[in-house]
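In: below are the sequence and a predicted model for it; my questions follow.
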Amino acid sequence: MPRLLIFGYGNPGRGDDGLGLELIERITSLNCTDVACQIGMQLQVEHVDDLQEHDQVLFIDADMSCNAPFEFSEVFPEKNDSYTSHAMNPAALLHAYRQVYKQDAPPAFLLRIRGYDFELGESLSAQASANLEAAAKLVYNVCASACMRA
């Protein structure tokens, strides 16, 4: 089982919201056997199963409120008081994992790439594309480290 799970999510039909998916496409081309990639439109409670048997998880998403070019942070389990489990943030997913499996999920991190245009039918903006390049360098290094540890 790959040591690192990278989960990119967003909607490529909404301009810069597709940043996470675009970065996953690039990572997949690296063919690192110790890195598993997954995509989705959003995180859902069913994704707790996907976290099993990995040593680390990296979530990647577009964000219009973070600093450019990106923000990288560790994520800790946190109960989400939302009325629905239809869409979750990474902290809520880690909390759900703890509830389901009665143990902590693997260490998790969140890479938020600064996006600007989230209109329906738009493509990536030039600014977001530049931020994607910067974020890609960071993730390539994370992937290289995962492959070297194997």
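Out: Ah, there it is.
In: make it CA atoms for all contacts and neighbour counts henceforth
Out: Will do.
In: chain center to the worst-scoring helix or strand of the chain on mean pLDDT: distance?
Out: Using mean pLDDT, DSSP states H and E, helix 126-149 stands out as the lowest-scoring helix or strand of the chain, at a mean of 88. Its chain's C-alpha centre and that of helix 126-149 lie 12 Å apart, by Cα atoms, centre = their mean, to the nearest Å.
In: and that helix, what does it pack onto?
Out: For helix 126-149, the elements it packs on are helix 19-28, strand 35-40, strand 70-75, strand 108-114, judged by 3 or more Cα pairs under 8 Å, 6 or more residues apart in numbering; DSSP states H and E.
In: contacts for the third one, please.
Out: Looking back up the chat, that one is strand 70-75. Residues from elsewhere that reach strand 70-75 (Cα atoms under 8 Å, 6 or more residues apart in numbering): 90-91, 107-114, 131, 134-135.
In: report the angle between the axes of it and strand 108-114?
Out: Put simply, strand 70-75 runs at 160 degrees to strand 108-114, going by axes from the mean of the first three to the mean of the last three Cα atoms, to 10 degrees.
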